[in-house]
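Build me a model from this:
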Amino acid sequence: MTPSVTMKNIAFIINPISGTRNKHRIPKIIERTIDTTQWSYDIVFTKYKGHATELAKNYAALDFNAVVAVGGDGTMNEVASGLVHTDTALGIIPIGSGNGLARHLHIPLTLEKAIEMLNHAEPITIDYAMLNEQPFFCTCGTGFDAFISSQYAASGKRGFTSYLEQIVKGVFSYQPDHYHLKGDGIDIETDAFLITIANANQWGNNGFIAPHASIQDGQLNIAIVSKFPLIAAPELALKLISKNIDKDSFVNTLITKEITITREKEDDMHFDGEPIPMGKSFTVRIVPEGLKVMVEKRY
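Got it, this is the predicted structure:
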């Protein structure tokens with residue numbers, strides 16, 4: 001006699017404005033790809049900013065096994081924020097511009113393959129971080145990367161080409177700021193082009209700003225990039241994608257559990273690529289083992 005299989009519950013939260021592809025075909029693709037012998041599924045579209053967090057909290061309260069963010073890093077952040085410190089695991093179907101956490105976790109970037117992976121995935125527990133009271137899961141930052149995130153969001157355009165366009169426009173005019181970094185054994189004042197605080201190893205698009213960062217070590221990796229001459233930009237870009245940025249003379253790397261950073265003026269920051277207004281001083285801290293995530297069993 002064949003033993004009965006206990007069905008698991010999974011929800012797909014789709015951001016209709018994430019990325020560049022049409023989202024209305026995605027439910028049909030989920031329906032024909034998800035293994036219905038093991039998963040009972042819900043599919044829902046978000047209607048406003050923050051809706052994904054509300055939905056994720058509701059599914060976690062219903063003891064769903066997994067809730068899947070279908071979108072980019074911003075959608076992932078909203079869904080994950082609703083699942084921290086619960087037994088419900090985050091799934092990711094990455095259809096955004098950067099897909100930083102998905103890339104770190106080796107989640108397929110093809111829609112069908114990402115869904116198929118869920119049929120033979122398992123949950124692992126990872127760290128997340130807090131920017132003051134805002135959770136993030138991949139990176140947060142101040143300086144040039146935050147400036148680009150703000151410009152990209154204001155442009156209303158999506159896709160990597162639009163993001164690259166903002167970088168090319170901004171790199172010629174952006175001026176570094178002065179920062180004071182203070183934490184456990186750290187007391188540094190410096191001018192910086194950008195400062196990235198990383199839980200995962202990249203911004204997205206395989207831009208490895210913190211190549212040795214781990215999402216399971218209870219630590220933050222901080223990359224401080226000094227102002228550099230434009231002639232050095234191609235070499236920096238090459239080191240960024242080849243996981244060697246930490247070896248560059250314009251980059252200083254710190255490792256800590258918590259850091260407070262003070263700058264000379266209020267400005268935007270980014271968390272998982274999303275811009276946010278922030279005061280002159282802010283604190284970032286790691287939260288160990290706070291989120292379950294669905295990954296391929298070989299991860």
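
all helices for the stretch 1-150 of the chain, in order.
26-33, 51-61, 73-81, 100-104, 111-118, 144-155 (DSSP state H, counting those that start in this stretch).

right, so of these, which gets closest to Ser18?
helix 73-81 (5.2 Å; Cβ to Cβ). The C-beta positions use only the backbone N, C-alpha and C, and glycine is treated the same way.

Quick one: neighbours of the residue nearest to Glu274 when sequence neighbours are not counted, just the number.
The shortest distance from Glu274 to any non-neighbouring residue, by Cβ to Cβ, 6 or more residues apart in numbering, is to Gly74 (4.8 Å). Residues near Gly74, counting by other Cβ atoms under 10 Å, number 23.

Reformat the helices of the stretch 1-150 of the chain into a markdown table and put distance to Asp268 and mean pLDDT next to each item.
Shown next, in a markdown table, are those (distance: least, Cβ to Cβ, whole Å; pLDDT from 0 to 100):
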| stretch | distance to Asp268 | mean pLDDT |
| --- | --- | --- |
| helix 26-33 | 31 | 96 |
| helix 51-61 | 21 | 98 |
| helix 73-81 | 15 | 96 |
| helix 100-104 | 18 | 95 |
| helix 111-118 | 31 | 96 |
| helix 144-155 | 4 | 75 |
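
Make TSV from those helices and add distance to Ile195 to it.
Below are the helices of the stretch 1-150 of the chain laid out as TSV (distance: least, Cβ to Cβ, whole Å):
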stretch	distance to Ile195
helix 26-33	36
helix 51-61	27
helix 73-81	19
helix 100-104	17
helix 111-118	32
helix 144-155	9
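
Which one of the ones you listed lies nearest to Leu254?
Nearest of the helices of the stretch 1-150 of the chain (Cβ to Cβ): helix 144-155, 16.7 Å.

Helices of the stretch 151-299 of the chain, start to end?
Using DSSP H, counting those that start in this stretch, helices in the stretch 151-299 of the chain cover 160-171, 233-241.

Those helices: lowest mean pLDDT?
Least confident of those, judged by mean pLDDT, is helix 160-171 with a mean of 61.

my guess is the residue nearest to Glu274 meets Thr46, correct?
No. Assessed by Cβ atoms under 8 Å, Gly74 is found out of contact with Thr46, at 10.6 Å.

which residues touch Glu235?
Asp248 (Cβ atoms under 8 Å, 6 or more residues apart in numbering).

Tell me how far it lies from Met76.
Going from Glu235 to Met76 by Cβ to Cβ, to the nearest Å gives 31 Å.

ok, back up a step: who are the contact partners of the residue nearest to Glu274?
Gly74 touches Asn15, Ser18, Gly96, Asp272, Gly273, Glu274, counting by Cβ under 8 Å, 6+ apart.

Spit out the contact partners of the first one.
Spelled out, that is Asn15. Lys23, Phe45, Thr46, Ala52, Ala69, Val70, Gly71, Gly72, Gly74, Thr75.
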